[in-house]
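> got a predicted structure plus its sequence, pasted below:
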Amino acid sequence: MNKLFCADNSREIQEDIIGSATNYQTYILIECPTPWVYEAFESKWVPDNLRTLIEDVNRAQLPIRFLLIANDESHKVQETTLLIYQQQQGLSQGYRKQEFKLPNIEQVAGIVSKWLAGMSVDYEIESSITRDILICTHGSHDQCCARYGNPFYFYSQNTIADLQLNHIRIWKSSHFGGHRFAPTAIDFPQGRYYGILDQDTLKSILTHTGDIQCLHKVYRGWGILPNPLQILERELMLRLGWDWFNYQITGKIIEKSLDNHTIIGELSFEQPDGTLYTYHAKLIKDDVKTQTVKVSCHATKETVCLKYAISNLWLVAKKVATYS
């Protein structure tokens, strides 16, 4: 019996990966040494109080994603990094970071509980790090993240060092979805998702240089936008170039058909000079790109992954900034 590698299958059928970024208001990233088991928070270094907190948050259906992160130092250091990324409302560039250095992982649950309650929290630090790149290496959850994610993490460390990007950190991460697009990554604080990555494309993403068309194949979408709108954002990004990453952006679905096959979406962006553009788009089901796939290596059934095409895109408003 042939062992299915879901990432190989996805590449063979040339699945378009746009629209696969997941949408959470908050990401809580907890440094925890590997190895991690299939359900990451069942791993041996995760304390019971943290498991209980996560169960409570999940039961309350709060839009919060907990992930474990680690780097090559995580086994050695006598402290635990806690990162909280909170989505900004309205026009924004993504998420706001708060970073904490805790004496040990047992204190994470208490700090996060206070933070969730809106109370003041100790151990917060100022950091010179401006970007955190998470690479899924969670091989016990899906073998493709071991097969593709682990080597990619290793080479990415070298890429960061070669480019002397001291303000960027690379982390191993527990599963955040889309393992059939391995190696897959999230780029914080913006919260953009990427997949099928290689080191040349990573360099372009890190430095916002090179031919932006390389993102057409590797961009999974932006986690602050509803999934169908992620294709609209990619289209505008590819048209407007790397400057797009400096814009404040917001988007919403205006209307959709009952079967979700037709959607009217709105995306607004503000350039650094204050000029505000609003676009509308009609998105329709793409019959060619909508495919039936096994979404993970151990999936027993295939899943229909609905993809959209832009059938119409038009500018509805342009507001030039006025300075008194």
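Yep, that arrived.

> which residues does the nearest residue to Glu126 once chain neighbours are set aside bridge with?
Distance criterion C-beta to C-beta, 6 or more residues apart in numbering; nearest residue to Glu126, sequence neighbours excluded, is Glu99 at 8.0 Å. All C-beta atoms are positioned from the backbone trio N, CA, C, and that covers glycine. Here Glu99 sits in beta bridges with Leu83, Ile125, going by DSSP bridges.

> what sits against Glu99?
Listed by C-beta atoms under 8 Å, 6 or more residues apart in numbering, the contact partners of Glu99 are 81-84, 124-127, 129.

> who wins for neighbours among the residues you listed?
Neighbour count (other C-beta atoms under 10 Å) singles out Thr81 as the most crowded of those, with 26 neighbours.

> who touches the strand or helix carrying it?
Assessed by DSSP states H and E, Thr81 sits inside strand 80-87. The contact list for strand 80-87, computed with C-beta under 8 Å, 6+ apart, reads 24-32, 69, 94-105, 107-108, 111-112, 115, 123, 132, 188-189, 191, 224.

> can you tell me which of these are in strands?
If you go by DSSP state E, the contacts of strand 80-87 have 26-31, 69, 95-102, 132, 188 in strands.

> can you select the buried ones from the residues you listed in PyMOL?
Buried residues within the ones in strands among the contacts of strand 80-87, by 16 or more other C-beta atoms under 10 Å, are selected in PyMOL with:
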select buried, resi 26+27+28+29+30+31+69+95+97+99+100+102+132+188
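
> just for this protein, where's the confidence low?
Applying pLDDT under 70 to the chain picks out residues 1-5, 8-9, 13, 140-142, 294-299, 323-324.

> for the strand ranked longest in it, buried residues please.
Secondary structure of the chain per DSSP E: the longest strand is strand 308-319. Within strand 308-319, the residues scored as buried using 16+ other C-beta under 10 Å are 308, 310, 313.

> circling back to that earlier point, the strand holding Thr81 to strand 26-31, inter-axis angle?
Strand 80-87 runs at 170 degrees relative to strand 26-31, counting by axes from the mean of the first three to the mean of the last three C-alpha atoms, to 10 degrees.

> with just CA atoms, put strand 80-87 into PDB.
The C-alpha coordinates for strand 80-87 follow below in PDB (Å, rounded to 0.1, in the frame of the first residue of the first chain):
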ATOM      1  CA  THR A  80       9.700  30.700  28.600                       C
ATOM      2  CA  THR A  81       8.700  33.200  25.900                       C
ATOM      3  CA  LEU A  82       5.000  34.000  25.600                       C
ATOM      4  CA  LEU A  83       3.800  35.900  22.600                       C
ATOM      5  CA  ILE A  84       0.200  37.300  22.300                       C
ATOM      6  CA  TYR A  85      -0.800  38.600  18.900                       C
ATOM      7  CA  GLN A  86      -4.100  40.500  19.000                       C
ATOM      8  CA  GLN A  87      -5.900  41.500  15.800                       C
END
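
> how far does that strand sit from its chain's centre?
Counting by C-alpha atoms, centre = their mean, to the nearest Å, strand 80-87 is centred 14 Å from the centre of its parent chain.

> that strand to strand 95-102, inter-axis angle?
Using the same axes, to 10 degrees: strand 80-87 against strand 95-102 is 160 degrees.

> and stretch 263-277, how far apart are its ends?
Using C-alpha to C-alpha, to the nearest Å, one end of stretch 263-277 lies 20 Å from the other.

> please enumerate residues in contact with that stretch?
Residues outside stretch 263-277 that contact it (C-beta under 8 Å, 6+ apart): 91, 225-226, 228-229, 232-233, 236, 243-244, 246-257, 278-284, 308, 315-321, 323.

> mind listing what's buried along the helix or strand in which Gly251 is found?
Taking DSSP H and E as the definition, one finds Gly251 inside strand 248-256. Using 16+ other C-beta under 10 Å as the test for burial, strand 248-256 gives 248-251, 253.

> quick check, Leu50 in a strand?
No. Looking at Leu50 with DSSP: H, G, I helix; E, B strand; the rest coil, it is helix, so not inside a strand.

> Tyr247: what's it in contact with?
Contacts for Tyr247 (C-beta under 8 Å, 6+ apart) come out as 93, 269-272.

> from Glu235, how far off is it?
Tyr247 sits 14 Å away from Glu235, taking C-beta to C-beta, to the nearest Å as the criterion.

> before we move on, what about His75?
Distance of His75 to Glu235, given as C-beta to C-beta: 43 Å.

> now the buried residues of strand 248-256 in JSON lines, with distance to His167?
Putting the buried residues of strand 248-256 into JSON lines (distance: C-beta to C-beta, whole Å) gives the following:
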{"residue": "Gln248", "distance to His167": "21"}
{"residue": "Ile249", "distance to His167": "22"}
{"residue": "Thr250", "distance to His167": "26"}
{"residue": "Gly251", "distance to His167": "28"}
{"residue": "Ile253", "distance to His167": "35"}
